[in-house]
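In: Okay, predicted coordinates and the sequence, questions at the end:
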Amino acid sequence: GAVVSQHPSRVICKSGTSVKIECRSLDFQATTMFWYRQFPKKSLMLMATSNEGSKATYEQGVEKDKFLINHASLTLSTLTVTSAHPEDSSFYICSARRSYEQFFGPGTRLTVL
Amino acid sequence: GENVEQHPSTLSVQEGDSAVIKCTYSDSASNYFPWYKQELGKRPQLIIDIRSNVGEKKDQRIAVTLNKTAKHFSLHITETQPEDSAVYFCAASYDKFYFGSGTKLNVKP
């Protein structure tokens, strides 16, 4: 199968700090990765599409300066939540695309105090 | 962009009964329709998928049907078991993936 890891699984930070989340495809190369945000008891909301070697494309309403995405290699995409605030607290999930399918990471629970 | 609607939001069935969850989509370019099962705090798990050149697909107790003309697709679970209890999401994809709002399925023993 296709394995995607995500790190860290859980992070607690103070308001105003930045947090970096890593998403790795472990056994395949992924030119495209996706970042989602999920609120409790809600659906996955697509935030942005991460493209290896080029700029990410953001969905409407997602602040690109707030959520910085870097996809520097075929196996790694990072999401940095800059100057985090309590309203950024959420479950962030990445996925990596292979052919027409996507494979999810285990998610990162971010809590901003 | 794509808009995926999913119904019902909650579904409660007796063990052994069937469960049906329905989704509609808006973008006729969407050509791949996966269904995911998500347990609390975990990643979504693909349970079945269908591509737009197929009308129906079955895998043991789970089946998915697709009506491209009407732009709707459905998940059917037969002989439900308590371990089927979870939140189920449909999604539609062409290049990106857009998710339905989810259905919380409760299978009562």
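Out: All right, it came through fine. Numbers count the residues shown, from 1 in each chain, chains lettered A, B, ... in the order given.

In: For the spatially most central residue of chain A, which non-adjacent residue is spatially closest?
Out: Nearest to the mean C-alpha position of chain A, by Cα atoms, centre = their mean, lies A:Trp35 at 3.9 Å. Ranked by Cβ to Cβ, 6 or more residues apart in numbering or on different chains and with sequence neighbours excluded, the top spatial neighbour of A:Trp35 is A:Met47, at 4.6 Å. Every residue, glycine included, has its C-beta placed from N, CA and C.

In: now swap in A:Pro8 and tell me
Out: A:Pro8 sits nearest to A:Thr108 (Cβ to Cβ, 6+ apart), 6.1 Å away.

In: Quickly list what that neighbour is bridged to.
Out: Taking DSSP bridges as the rule, A:Thr108 bridges to A:Tyr92.

In: Equivalent analysis for B:Phe73, please.
Out: Going by DSSP bridges, B:Phe73 forms beta bridges with B:Cys23, B:Leu66.

In: all strands of chain B, in order?
Out: Secondary structure of chain B (DSSP state E): strands located at B:4-7, B:10-14, B:19-25, B:32-38, B:45-51, B:56-59, B:62-67, B:72-77, B:86-93, B:97-99, B:103-108.

In: So what's the residue count around A:Gln102?
Out: Neighbour count of A:Gln102, defined by other Cβ atoms under 10 Å in any protein chain shown: 26.

In: mind checking how far it is from A:Thr111?
Out: 26 Å (Cβ to Cβ, to the nearest Å).

In: before we move on, what about A:Phe91?
Out: Noted for A:Phe91: a distance of 10 Å to A:Thr111, by Cβ to Cβ.

In: circling back to that earlier point, please identify the helix or strand for the residue nearest to the centre of chain A.
Out: strand A:32-38 (DSSP states H and E).

In: Show me what the helix or strand that comes right after that strand packs onto, helices and strands only.
Out: Of the helices and strands lying after strand A:32-38 in sequence (DSSP H and E), the nearest is strand A:44-51. Where contact means 3 or more Cβ pairs under 8 Å, 6 or more residues apart in numbering or on different chains; DSSP states H and E, strand A:44-51 is packed against strand A:32-38, strand A:57-58, strand A:67-73, strand B:97-99.
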